[in-house]
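> Quick one: sequence and predicted model below, then my questions.
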Amino acid sequence: MTQDEQKQEVARAALAHVVEGEIVGVGTGSTANHFITCLAEIKHRIRGAVASSEATRKRLEAHGITVFDLNAVDELRVYVDGADEINAAMQMIKGGGGALTREKIVSAVARKFVCIADAAKLVPVLGHFPLPIEVIPMALGHVKRELARFGGTPVVRPGFVTDNGNLIVDLGGLMIADPVQLETALNQIVGVVSNGLFACRPADVCLLGTASGVRTLTAAEQPPASQAPGGT
Ligand code: 5RP
């Protein structure tokens with residue numbers, strides 16, 4: 001099965017987590033796009049969706065799905081999104097598509113985070129995928145100097161502006177032993193809007209595409225973060 005077929009399978013499997021009559025939080029990226037295609041088939045059974053990016057909002061609307069402003073919604077039962085990497089503790093690197101800040105905001109409102117990912121995304125230690133960091137443009141020099149303390153190689157994503165009008169710095173070459181600590185520490189740098197570590201609020205369930213079908217992983221079934229690969 002190809003990587004894209006795995007993405008399609010997990011996207012379809014995520015429909016089982018959609019709550020009838022409710023509003024669904026929808027992520028960004030190619031796997032999330034497959035989910036939107038599936039969601040369109042049951043659009044008459046949901047109230048609508050909240051989008052984690054302008055690209056997702058446009059795609060949802062093109063499929064005739066009502067898109068709500070997040071501020072018009074008190075709670076989301078479920079948020080469905082892809083990931084660039086996920087570990088056994090359901091902690092993720094996200095933001096390959098540059099939508100990390102809005103993804104983090106929408107997922108913070110959701111009761112359940114369902115990560116949909118192909119098999120290649122499951123890793124023992126986060127950090128092989130460069131960690132995206134959203135930065136306010138006037139703070140770029142300061143943030144790059146501060147990032148030197150963390151090791152790794154910061155690269156400004158060329159020609160990319162986020163939906164919030166900011167820049168993305170991709171921090172490569174990391175082996176992230178303690179994702180919660182790093183997520184928290186990076187957020188202390190003035191000028192950083194958010195970073196692509198989703199460790200303080202990990203996924204609740206991961207639907208992982210494999211050659212033999214969809215595997216369902218939950219944090220409860222995995223060793224605690226401190227014992228898992230990637231823990232301290
Ligand atoms: C976008 C994201 C995506 O979820 C992540 O990049 C995975 O993308 P894809 O589903 O295309 O592999 O975080 O900001």
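Everything's here; your move.

> use CA for all of it now, contacts and neighbours both
Will do.

> State the pLDDT value of the spatially most central residue of the chain.
By Cα atoms, centre = their mean, the chain has its centre lying nearest to residue 94, at 4.2 Å. If you check residue 94, the pLDDT there is 98.

> Quickly list what residue 167 is bridged to.
Note on residue 167: beta-bridge partners by DSSP bridges are residue 135.

> Tell me where the chain has strands.
23-26, 48-51, 76-81, 85-86, 92-93, 110-118, 131-135, 153-156, 167-172, 192-195, 197-198, 205-210, 213-218 (DSSP state E).

> Dump the first one to CSV, keeping only the CA atoms.
Spelled out, that is strand 23-26. Only the C-alpha atoms of strand 23-26 are listed here, as CSV (Å, rounded to 0.1, in the frame of the first residue of the first chain):
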residue,chain,number,x,y,z
ILE,A,23,-19.0,20.6,14.9
VAL,A,24,-15.7,18.9,13.9
GLY,A,25,-12.2,20.5,14.2
VAL,A,26,-10.3,19.9,11.0
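
> Check the gap between the residue nearest to the centre of the chain and the ligand for me.
4 Å (Cα to the nearest ligand atom, to the nearest Å).

> Quick one: residues contacting that residue.
82, 83, 84, 85, 100, 131, 132, 196, 197, 198 (Cα atoms under 8 Å, 6 or more residues apart in numbering).

> any idea how far it is from residue 215?
20 Å (Cα to Cα, to the nearest Å).

> ok, how many other residues are close to the nearest residue to residue 56 once chain neighbours are set aside?
Counting by Cα to Cα, 6 or more residues apart in numbering, residue 56 lies nearest to residue 28, which is 5.9 Å off, once chain neighbours are set aside. Per other Cα atoms under 10 Å, the neighbour tally for residue 28 reads 29.

> can you pull the contacts of residue 28?
Contacts of residue 28 by Cα under 8 Å, 6+ apart are 52, 53, 55, 56, 81, 82, 97, 99, 103.

> Roughly how far does the nearest residue to the third one once chain neighbours are set aside sit from residue 53?
In this case it means residue 55. In space, and not counting its chain neighbours, residue 55 is closest to residue 28: 7.5 Å by Cα to Cα, 6+ apart. Using Cα to Cα, residue 28 is found at 6 Å from residue 53.

> overlap in contacts of these two?
With Cα under 8 Å, 6+ apart as the test, residue 28 and residue 53 both reach 99, 103.

> hmm, back to that, got JSON lines for the contacts of residue 94, with neighbour count too?
Formatted as JSON lines, the contacts of residue 94 follow (neighbours: other Cα atoms under 10 Å):
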{"residue": "82", "neighbour count": "31"}
{"residue": "83", "neighbour count": "27"}
{"residue": "84", "neighbour count": "24"}
{"residue": "85", "neighbour count": "27"}
{"residue": "100", "neighbour count": "28"}
{"residue": "131", "neighbour count": "27"}
{"residue": "132", "neighbour count": "28"}
{"residue": "196", "neighbour count": "26"}
{"residue": "197", "neighbour count": "29"}
{"residue": "198", "neighbour count": "23"}
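
> From those residues, list the ones also adjacent to the ligand.
Checking the contacts of residue 94 against the ligand by Cα under 6 Å from any ligand atom, the ones in range are 82, 83, 84, 100.
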